[in-house]
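Peer 1: I need the structure of the sequence given here:
(2 chains)
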Amino acid sequence: QSALTQPASVSGSPGQSITISCTGTGDDVGSYNLVSWYQQHPGKAPKLMIYDVNHRPSGVSNRFSGSKSGNTASLAISGLQAEDEANYYCNSYTASTTVGWVFGGGTKLTVL
Amino acid sequence: EVQLVQSGAEVKKPGESLKISCKGSGYSFTTYWIGWVRQMPGKGLEWMAIINPRDSDTRYSPSFEGQVTISVDKSITVSYLQWSRLKASDTAIYYCARQVSGSEFDVWGQGTMVTVAT
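Peer 2: Here you go, the predicted structure:
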């Protein structure tokens, strides 16, 4: 199972909006609405931010949203805040080779 | 409160065996699968394996099949990740996480740091 492809880094100024892409294949992102996104601050455990492509868990700010088109899923963050600076990982169910799940390589978000 | 609490940091030598644990509480343990995720120093997350506490059905990533073994003791609501012969390349933080209906990992343990060095 190959990792999903994410940009290594993105940046934005406070108040701006950014988008992080997550590109997979027809065996994962393209065929299943089982894409989730995780935020990880340094030294901390990952935190679920988006599930099933575009659903927000209770307690997650509505500044975070998810979408999918074809084999690419996206995480959008509006109204950037300093505390949004973190690493973000996408994850998808995959049916390639063996059934399982696969993470993206991660994207470092810098709030300038 | 729903939580997963993992065992403490470990320092081992190459060739040694190791078993780390993840204890679930605050929810019905057999209702949700438990997954394990590796994070090597300075690197990203890697999905390793997952187990159904109800019947111990397991799935492994091809990258980890044969390298580790996951198990569960539902009587004490604990999942385990074990190695029979550690390698230096096993040095990493290992997270357990609760999985919801074949989709997202909604609750994470605090992570267990495993260091393998001579």
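Peer 1: CA atoms for contacts and neighbours, from now on please.
Peer 2: Noted.
Peer 1: what does chain A have sitting close to chain B?
Peer 2: Taking Cα under 8 Å from any Cα of the partner chain as the criterion, the neighbours of chain B within chain A are A:1, A:34-36, A:44-48, A:51-52, A:89, A:92-93, A:98-106.
Peer 1: put the buried members of these into a PyMOL selection.
Peer 2: Only the buried members of the residues of chain A next to chain B enter the following PyMOL selection, criterion being 16 or more other Cα atoms under 10 Å in any protein chain shown:
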select buried, chain A and resi 1+34+35+36+45+46+47+48+51+52+89+92+93+99+100+101+102+103+104+105+106
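Peer 1: out of the residues of chain A next to chain B, which sit inside strands?
Peer 2: A:35-36, A:47-48, A:89, A:92-93, A:100-103 (DSSP state E).
Peer 1: from these, which shows the smallest pLDDT?
Peer 2: Note: of these, the lowest pLDDT belongs to A:Gly100, at 86.
Peer 1: quick one: contacts for it?
Peer 2: A:93-94, B:49, B:59-61 (Cα atoms under 8 Å, 6 or more residues apart in numbering or on different chains).
Peer 1: got it, and A:Pro7?
Peer 2: A:20-22, A:106-107.
Peer 1: which one (most neighbours) among those?
Peer 2: Counting by other Cα atoms under 10 Å in any protein chain shown, A:Cys22 has the largest number of neighbours within those, with 28 neighbours.
Peer 1: just say helix, strand or coil for it.
Peer 2: Three states are possible here, and by DSSP: H, G, I helix; E, B strand; the rest coil the one that applies to A:Cys22 is strand.
Peer 1: does it touch A:Ala73 like I think?
Peer 2: Yes: look at A:Cys22 against A:Ala73 with Cα atoms under 8 Å: they come within range, at 5.0 Å.
Peer 1: quick check: phi and psi on B:Gly8?
Peer 2: Listed backbone geometry of B:Gly8 is phi -80, psi 170, with angles given as degrees, to the nearest 10.
Peer 1: for the residue nearest to it when sequence neighbours are not counted, grab phi and psi.
Peer 2: Using Cα to Cα, 6 or more residues apart in numbering or on different chains and skipping residues adjacent in sequence, the residue nearest B:Gly8 is B:Thr112, 5.8 Å away. Geometry field for B:Thr112 lists phi and psi as phi -120, psi 120, criterion degrees, to the nearest 10.
Peer 1: what residues are up against B:Thr112?
Peer 2: Taking Cα under 8 Å, 6+ apart as the definition, contacts of B:Thr112 comprise B:6-10, B:20, B:93-95.
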